[in-house]
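In: Output the structure for:
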Amino acid sequence: MQISWLISILMPTIPNWAKWCAPSSFKWRRKHVRSISKAELNQAYISTILNESAGSLTISGIPARLSWSPSILSLLGEIYRSEEQCLAFHLTKAAMPVGSRRKSIGLQSIDTEDDTTTSSSRSSKSPISFTQALIKVPYNKTTMVTQTLVSRLEITDLRYDITCYGDFLRHIPARLGRNEALDASADALATTFSTLHRPQGYQTVDALTKYVKAISSLRLCLEDPAKARMPETMCSVYLIMICQGWLGRDDDPTTSHGQGLAYLLKAAARENWKAGFETDMLLTFCVPVIIESISNPKVRLEKWFWDMLDNFKKNNPPSTPESAKAQQQGKDAGGIPSLSIRNLGRLPDFINDPELHRMEITCAYHRLCRDLRKLSEIVKAVTWAPGFSPTPMQLRLSRSYNSAYSVLLTVLVIIGQLMQAFDPYNLALVGEAALCSSEVVSLAHRISQYRPLGASHVPLTLAIAWAATDEPGMKRQLEETLEEYQQDWTVTQWMKVGHWWTDKFAELRGRLAPRVSQEEEEMLIRRGEGVGMKGKQPADECCVM
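Out: Just a heads-up that it's a prediction; the model follows:
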């Protein structure tokens, strides 16, 4: 193997220093220098050097102009070898901290092509000596998990951006090492993430092992009263919920992580946590707890929930005049009040006790219609035309607004069904519900490019819209779209969710329908048809759009 092999590899990293350290004649070097083979470099040299951290290097007789890599050292050996000289490379570690090892490595040079060199001529030449400070980087289980998790968080592809589960996840690496449940669940999350590109339900032994270890560590922490109230323990429950969805596991149908999260959230409501990781985490946890309270009678949003929201507002005032001004401007502009945790938290009461909240349900419906019109214009502004190449920030902004739009559509479908249950003869409500279902299909197709993680909120919207519509053509479109999204997630059978909501809506209609005679019903139908024809609005002016 010729020296050109070395030069071709090292050329991108070799500066002009080679001019003053190389003989003037390249032909001379080519004639008298035998190249070091790749195997010799790997075995005798690189394997020793690359296992240590690179440090500053001093070469006797040569100015130390830069830090010398192992590849450069090999090239120097080639340049300085001649038919009368055989070099011995002596690599000695510089002074290390107390307790560290000092190591001297001698690398014998390869003989030249001319074997007539005498031993006296060799001994008369002083070998080039190298002194390098090699520093070991601290390494343990925590640093390994941290490194892996950080690499996952740095992914900018919105299809695999795990911060869609909450921006507070970015703060988890800084909190590793203080709670074994968080360490184990973060390790499981980072490992399970590598299975997302495979068909849903694919499970590796490593991912399952770490998932089980995370659950075991969580149980141990929950048995400790001090650790059970730590924010890291709460976060580990949330991470395990995410892993469960990725792995397609449904280990115990009688055990609900949402119920456990609600219990921990109730315990955390007594803590006066300030703005930051803890409060961002709590606000994120409110959403799955609200969803859990709709179908699980064991989870109720009682006084503790509203007190927690009040304490958050009181303990986290605007930190600067600028932020206070921005907050006030948002209020003046109207914002999207339907998306506030306080308003979303009213949904379980509306569904479970609608008779007690009829007026509030009506107000919530009109507020949702107004907010949806406003958000629809924003979504149109961040929907890019074909051929346009948006920046990563623009894509992230588009995904965020489409996610909010999906939540609004979901809530509007549910509240719309309650309104129809109270007033089944109002054909305007029926028309608005149909337009809303059509918009759900358009949304699902529009953000399908962000699947699986960036569009993970869409299946629930599709399932509820499917349950709310009776029109065969629209129902078929919703079902086909839901089947496409079902391929991303196997732990939740979304058609079963749709059937649950179908039964729930039927129960509400039977429970809230006005008690009238057949004659009165026919009269109300005729009156409703007249109101529907007289007060019908164009599609582009409907409150849904």
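
In: make it CA atoms for all contacts and neighbour counts henceforth
Out: OK.

In: Surely residue 452 touches residue 488?
Out: Yes - Residue 452 lies in contact with residue 488 (Cα atoms under 8 Å); the separation is 5.9 Å.

In: between the two, who's got more neighbours?
Out: Neighbours of residue 452 and residue 488, each counted by other Cα atoms under 10 Å, are more numerous for residue 488; the result is 23 against 20.

In: what pLDDT does the more buried one get?
Out: Note for residue 488: predicted pLDDT of 82.

In: Isn't it up against residue 454?
Out: No - using Cα under 8 Å as the test, residue 488 is too far from residue 454 to be in contact (11.3 Å).

In: Which strands or helices does the longest helix along the chain pack on?
Out: With secondary structure taken from DSSP state H, the chain has its longest helix at helix 392-422. Helices and strands touching helix 392-422, by 3 or more Cα pairs under 8 Å, 6 or more residues apart in numbering; DSSP states H and E, are helix 358-381, helix 427-446, helix 458-468, helix 494-512.

In: Can you mark which positions in it are buried?
Out: 395-396, 398-399, 401-422 (16 or more other Cα atoms under 10 Å).

In: where are the low-confidence patches of the stretch 201-350 of the chain?
Out: Filtered on pLDDT under 70, the stretch 201-350 of the chain yields the residue ranges 201-202, 249-257, 274-275, 314-334.

In: What ranges does it have for its helices?
Out: 205-223, 225-228, 231-247, 257-268, 277-295, 303-315, 321-332, 341-344, 347-352 (DSSP state H, counting those that start in this stretch).

In: and those helices as JSON lines, adding distance to residue 383?
Out: Shown next, in JSON lines, are the helices of the stretch 201-350 of the chain (distance: least, Cα to Cα, whole Å):
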{"stretch": "helix 205-223", "distance to residue 383": "37"}
{"stretch": "helix 225-228", "distance to residue 383": "44"}
{"stretch": "helix 231-247", "distance to residue 383": "29"}
{"stretch": "helix 257-268", "distance to residue 383": "34"}
{"stretch": "helix 277-295", "distance to residue 383": "26"}
{"stretch": "helix 303-315", "distance to residue 383": "33"}
{"stretch": "helix 321-332", "distance to residue 383": "23"}
{"stretch": "helix 341-344", "distance to residue 383": "26"}
{"stretch": "helix 347-352", "distance to residue 383": "30"}
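
In: Dump these to JSON lines, plus mean neighbour count and distance to residue 169.
Out: Converted to JSON lines, the helices of the stretch 201-350 of the chain look like this (neighbours: other Cα atoms under 10 Å; distance: least, Cα to Cα, whole Å):
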{"stretch": "helix 205-223", "mean neighbour count": "17", "distance to residue 169": "17"}
{"stretch": "helix 225-228", "mean neighbour count": "14", "distance to residue 169": "19"}
{"stretch": "helix 231-247", "mean neighbour count": "22", "distance to residue 169": "9"}
{"stretch": "helix 257-268", "mean neighbour count": "19", "distance to residue 169": "16"}
{"stretch": "helix 277-295", "mean neighbour count": "19", "distance to residue 169": "8"}
{"stretch": "helix 303-315", "mean neighbour count": "15", "distance to residue 169": "20"}
{"stretch": "helix 321-332", "mean neighbour count": "12", "distance to residue 169": "23"}
{"stretch": "helix 341-344", "mean neighbour count": "15", "distance to residue 169": "20"}
{"stretch": "helix 347-352", "mean neighbour count": "19", "distance to residue 169": "27"}
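
In: Now do stretch 169-185: distance from first to last residue.
Out: Start-to-end span of stretch 169-185 (Cα to Cα, to the nearest Å) is 12 Å.

In: Buried ones in it, by neighbour count?
Out: Those would be 169, 172-173, 176-177, 179-185, for stretch 169-185 by 16+ other Cα under 10 Å.

In: tell me the mean pLDDT for it?
Out: In the prediction, stretch 169-185 has an average pLDDT of 93.

In: Please list the outside residues in contact with it.
Out: 142, 145-146, 149-150, 153, 163, 210-211, 213-215, 217-218, 221, 227, 232-233, 235-237, 239-240, 277 (Cα atoms under 8 Å, 6 or more residues apart in numbering).

In: How is the protein divided into domains?
Out: 3-132, 339-545 (automatic domain parsing).

In: what's the least confident stretch among the ones you listed?
Out: Taking the mean pLDDT of the domains of the chain, domain 3-132 comes last: a mean of 42.

In: Residue 438 - how many residues pack around it?
Out: Residue 438: 16 neighbours (other Cα under 10 Å).

In: Please report how far it lies from residue 313.
Out: 37 Å.

In: and which of the buried residues of stretch 169-185 is nearest residue 355?
Out: Among the buried residues of stretch 169-185, residue 169 lies closest to residue 355 (Cα to Cα), at 39.8 Å.

In: For residue 198, which three-state class applies?
Out: In terms of secondary structure, residue 198 is coil; the call rests on DSSP: H, G, I helix; E, B strand; the rest coil.

In: How many residues are close by it?
Out: Residues near residue 198, counting by other Cα under 10 Å: 10.
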